[in-house]
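Chemist: Need coordinates for the following:
(one chain, ligands or ions: 3)
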Amino acid sequence: MAAIIENMLAQCARVIYTKLDMLNKYYIETFGCQMNVHESEKIAGMLESLGYAPAATREKAGVIVFNTCCIRDTAEQKIAGNIGELKVLKRADKSRVIVIAGCMTQQKGAAEALAEKFPFIDIVLGTANLYELPNKLKELNERRARHRGKIVAVDDNDRPPIDESVPVTRTSYPNAWVNITYGCNNFCTYCIVPYVRGRERSREPEAIIGEICSLLKEGYKEITLLGQNVDSYGNDREDGVGFAELLRRIAAIEGKFRLRFMTSHPKDLSEEVISIIAKTPNFCKNIHLPVQAGSDRILKEMNRKYDRAAYLGLVDTIRRYMPDCGLTSDIMVGFPGETEEDFLDTMDLVRKVRYHNAFTFVYSPRKGTVAASMPDQIPYAVKKDRITRLIALQNEITEELSGDFAGKTYEVLVEDAPKPGMLCGRTDCGRLVNFAGDASLVGEFVDVRITRNKASALYGEIVKNG
Ligand code: SAH
Ligand code: SF4
Ligand code: F3S
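Modeler: Ligands and ions are numbered 1, 2, ... in the order given. I've put the predicted structure just below:
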């Protein structure tokens with residue numbers, strides 16, 4: 001009998017301990033672009049300053065945050081499926097807090113629809129309300145004591161102030177993300193981002209430089225500047241500091257590190273910026289320059305504000321300054337009204353530019369955008385056929401270009417150890433290389449000789465450390 005009671009007590013203690021442990025833990029699931037990846041680091045920072053620690057899985061967390069994306073329907077469907085799965089966890093323990101944040105919540109009527117479809121959500125937090133998370137968690141506790149329901153905090157403010165005091169728990173060493181702008185003013189006709197992220201706001205140059213300097217002091221080796229259109233940095237400021245001047249100030253920072261940035265907009269990337277990148281050893285010769293389409297008619301309908309000739313001219317300028325610059329792109333097929341001829345223009349442009357890599361997308365109508373109500377939406381079968389052809393072409397090009405790397409030696413920043421004894425990192429021009437080595441080398445610069453390539457992946461061996 002005594003043994004049975006002892007056993008039961010031990011079991012109760014285990015349950016209580018597991019529950020207490022869970023209450024103090026958080027889990028963040030991130031969807032979407034680098035902007036969201038970095039914002040999740042801020043969410044983690046806020047939660048850790050409240051005393052929460054990271055949990056290894058959703059099941060072990062008392063606070064579960066979904067940082068969402070709504071750039072395409074496929075993204076939204078996937079996230080909705082994942083939110084649905086949380087129902088079981090909430091049922092298992094009602095004290096769990098479920099927070100839905102990010103772009104998805106900021107679409108018209110979405111916050112209410114989410115709260116209705118998934119009644120177990122506790123807090124819906126808009127992109128403009130992200131920094132209110134600690135207050136909202138406190139408010140939720142007070143409400144729970146009074147058995148009152150959920151919190152929906154989604155402001156319509158399209159110019160929310162920038163909060164420079166938010167703590168950040170970084171998860172991407174040796175790389176560190178640094179925002180330079182928030183929001184977007186471009187209103188490409190297919191894109192939801194300007195509606196869910198508000199107008200473009202640039203951070204103070206001093207705040208950016210200060211952040212970079214302290215990151216380098218902490219040992220980060222690569223800084224990636226983030227903005228929907230980094231080239232329009234400063235347009236909303238009165239001190240005359242634009243992207244070129246910001247880069248000049250970053251170029252003056254001493255020490256060896258790598259600088260990357262995304263995303264450049266072809267309508268704004270200037271020759272001045274290209275020349276600064278070319279002559280600054282710390283700046284990677286790697287530009288992500290989304291073209292979206294190769295047909296002038298479609299580019300105009302997309303409101304991209306450049307044409308094919310201007311884009312190709314820009315590529316020539318980049319290559320004149322930096323012959324080995326790694327160029328990558330975002331390309332979309334199936335925009336409303338896209339004919340086979342328009343699509344062939346895109347294929348032709350891809351053949352001419354020969355990108356190192358490209359992210360390819362099927363156009364997805366986004367409610368409230370101009371393109372969603374354009375006539376002549378393209379049937380899915382046609383879109384599917386075009387994306388298949390585009391991917392095949394780009395793979396062929398990437399593979400051909402990969403062949404050129406064989407036998408040559410490149411400086412690589414070791415970024416990760418995906419499995420014991422194996423490392424990976426990127427060349428200055430942005431190509432990912434896999435090679436053998438010890439995990440202690442993560443964060444170091446090593447020279448790697450490329451020995452072979454398999455499709456687009458490069459493999460090599462270390463020839464020199466540091
Ligand atoms: N600000 C960046 C990228 C934003 S979103 C830029 O201007 O390039 C990333 C990519 O998603 C875009 O470049 C575009 O190719 C794609 N995208 C945006 N809206 C889309 C939509 N409605 N359907 C399909 N792809 C889309
Ligand atoms: Fe979207 Fe265009 Fe802004 Fe990029 S520049 S975020 S594609 S509206
Ligand atoms: Fe990024 Fe998706 Fe929002 S791509 S800005 S997380 S809609």
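Chemist: Spell out, range by range, the strands that occur in the stretch 351-466 of the chain.
Modeler: 357-362, 409-419, 422-427, 432-436, 445-454, 457-465 (DSSP state E, counting those that start in this stretch).
Chemist: Okay, now the sheet partners of the shortest one, with direction.
Modeler: Each strand paired with strand 432-436, and its direction, by DSSP bridges: strand 422-427 (antiparallel), strand 457-465 (parallel).
Chemist: Check what pLDDT Tyr17 gets.
Modeler: We have a pLDDT of 64 for Tyr17.
Chemist: Sorry, slip of the keys, the one I care about is Asp268.
Modeler: 97.
Chemist: In three-state terms, label it for me.
Modeler: coil (DSSP: H, G, I helix; E, B strand; the rest coil).
Chemist: Now for the residue nearest to it when sequence neighbours are not counted: which residues touch it?
Modeler: Nearest in space to Asp268, with sequence neighbours left out and distances taken as C-beta to C-beta, 6 or more residues apart in numbering, is Asp231 at 3.5 Å. (C-beta placed from N, C-alpha, C; glycine too.) Contacts for Asp231 were tallied using C-beta atoms under 8 Å, 6 or more residues apart in numbering; they are Phe243, Ser264, His265, Asp268, Leu269, Ser270, Val273.
Chemist: Which one of those residues sits in the busiest neighbourhood?
Modeler: Counting neighbours by other C-beta atoms under 10 Å, Phe243 leads these with 27 neighbours.
Chemist: what separates the residue lying closest to that one once chain neighbours are set aside from ligand 1, distance-wise?
Modeler: Closest residue to Phe243 apart from its sequence neighbours, by C-beta to C-beta, 6+ apart: Tyr233 at 4.2 Å. Tyr233 sits 13 Å away from ligand 1, going by C-beta to the nearest ligand atom, to the nearest Å.
Chemist: tell me, how many neighbours does the nearest residue to Val333 once chain neighbours are set aside end up with?
Modeler: Nearest non-adjacent residue to Val333, counting by C-beta to C-beta, 6+ apart: Arg386, 4.1 Å away. Counted by other C-beta under 10 Å, the residues lying close to Arg386 total 24.
Chemist: before we move on, back to that, pull the contacting residues for the residue nearest to Phe243.
Modeler: Taking C-beta under 8 Å, 6+ apart, we find Tyr233 in contact with Ile180, Thr181, Ser202, Gly227, Gly242, Phe243, Leu246.
Chemist: Which of these fall in helices?
Modeler: Per DSSP state H, helices hold the following members of the contacts of Tyr233: Phe243, Leu246.
Chemist: In contact with Ala61: list those residues for me.
Modeler: Ala61 neighbours (C-beta under 8 Å, 6+ apart): Met22, Lys25, Tyr26, Tyr27, Ala55, Arg96.
Chemist: actually Thr317, not the one I typed
Modeler: Here Thr317 is in contact with Glu271, Ile274 (C-beta under 8 Å, 6+ apart).
Chemist: can you pull the pLDDT of the residue of the stretch 251-400 of the chain found nearest ligand 2?
Modeler: Ligand 2 sits closest to His265 of the stretch 251-400 of the chain, with a gap of 5.6 Å, by C-beta to the nearest ligand atom. According to the prediction, His265 has pLDDT 98.
Chemist: Could you do Asn453 as well?
Modeler: So, for Asn453, pLDDT stands at 89.
Chemist: Surely it is in contact with Asn434?
Modeler: No. With contact defined as C-beta atoms under 8 Å, Asn453 does not count as touching Asn434 (10.2 Å).
Chemist: more crowded one of the two?
Modeler: Using other C-beta under 10 Å, the more surrounded residue of Asn453 and Asn434 is Asn453, with 20 against 15.
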